[in-house]
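J.: take a look and give me a structure for this.
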Amino acid sequence: MAVAFSFDKTEQQILAGIVVDVIEKRLHGEAVLPPNPGDYNANLVQDLGCFVTLTIMGQLRGCIGSIVGTEPLVLCAWHMAQAAAFRDPRFPPLRPAEWPHTRVEITILDKLSPCPDPQKIEIGRHGLVLQYAGRSGVFLPQVPVEQGWDLGQYLSNLCRKAGLPDGSWKAPGAHLYWYEGFEFLARG
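T.: Okay, the predicted model is just below:
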C-alpha cells in the first residue's frame with residue numbers, strides 16, 4: 001500500500017492559502033465564496049478526503065475532516081477548515097484573539113481499504129478507521145506517533161474513540177480499514 005498521490009510545494013501553498021483565507025475571513029465576519037474547482041489543476045480537484053487540524057501551544061483546538069473524498073479537494077479543504085475552526089463540537093468556535101497563536105495542519109487522505117492484517121499496521125504510516133455495531137472511530141496516521149502509542153495502544157484507543165469495548169476491532173462483523181495520508185503545515 002502506497003500513497004497514490006503527491007503534492008508539490010506550490011500545490012501545498014495553494015491548499016494552505018484556501019484554508020487560512022477562509023478561517024481568517026470568517027473570523028472577521030466576511031462572506032467567503034467557495035473556490036471554483038475549474039480554477040485549479042487536476043491534482044487539486046481529485047475526490048480525496050482531508051482533515052484540517054488546529055492546535056494552540058500544542059493542544060488540540062479543532063480537528064474535522066472527511067475520510068472519504070466526495071468532492072474536489074479544494075472544496076473539501078475549504079469546508080473542513082471552517083468545520084474545524086467553528087463547528088468542532090468539542091470546542092467553542094475559534095475566536096479572533098486565538099488566531100495569532102493557532103497552528104493549522106492539513107492531512108490529505110488516500111482511499112480507505114480493508115486492513116488485511118493488523119500486524120502489518122505501521123505506526124506513523126497508517127491511519128485507521130473502525131466500524132462496528134453502528135459506531136465508528138478514526139485516527140490520522142500521525143496520532144499514535146504524537147501520543148507515543150504502540151500498536152496495541154493504537155488499536156485500544158481506536159476502540160475507545162469509537163465508544164466500544166477494548167478489542168472490538170477483532171469482533172465478528174467489525175470492519176478495520178487503513179489508509180495513508182499526506183500531512184503538511186498550512187500555518188504555524
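
J.: check contacts around the residue nearest the centre of the chain.
T.: By Cα atoms, centre = their mean, the chain has its centre lying nearest to residue 51, at 2.4 Å. Contact analysis of residue 51 by Cβ atoms under 8 Å, 6 or more residues apart in numbering lists 63, 64, 65, 66, 80, 84, 106, 107, 109, 140, 181. For glycine as for every other residue, the C-beta is placed from the backbone atoms N, C-alpha and C.

J.: domain assignment for this structure?
T.: Per the record, the chain has its domains at 9-109, 113-179, by automatic domain parsing.

J.: who wins for proximity to residue 185 among those domains?
T.: Proximity of those to residue 185 was assessed by Cβ to Cβ; the nearest stretch is domain 9-109, lying at 5.7 Å.

J.: quick check: end-to-end length of the closest one?
T.: Taking Cα to Cα, to the nearest Å, domain 9-109 runs 17 Å from one end to the other.

J.: show me what counts as buried in the helix or strand where residue 136 lies.
T.: Residue 136 belongs to strand 135-139 when assigned by DSSP states H and E. By neighbour count with 16 or more other Cβ atoms under 10 Å, strand 135-139 contains the buried residues 136, 137, 138, 139.

J.: partners of that strand, with directions?
T.: If you go by DSSP bridges, strand 135-139 pairs up with strand 127-132 (antiparallel).

J.: average pLDDT for the strand it pairs with?
T.: For strand 127-132, the mean per-residue pLDDT is 97.

J.: residues making contact with it?
T.: Contacts for strand 127-132 (Cβ under 8 Å, 6+ apart): 67, 109, 112, 115, 121, 136-141, 143, 154-155, 158-159, 162, 164, 168-169, 171, 173-181.

J.: now, the residues you listed that are in strands?
T.: Taking DSSP state E, the ones among these that sit in strands are 109, 136, 137, 138, 139, 175, 176, 177, 178, 179, 181.

J.: circling back to that earlier point, from the contacts of residue 51, which land in helices?
T.: In this view, these that belong to helices under DSSP state H are 80, 84.

J.: let's have the contacts of residue 51 in a markdown table, adding distance to residue 11.
T.: Formatted as a markdown table, the contacts of residue 51 follow (distance: Cβ to Cβ, whole Å):
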| residue | distance to residue 11 |
| --- | --- |
| 63 | 22 |
| 64 | 22 |
| 65 | 18 |
| 66 | 19 |
| 80 | 17 |
| 84 | 20 |
| 106 | 11 |
| 107 | 14 |
| 109 | 16 |
| 140 | 20 |
| 181 | 15 |
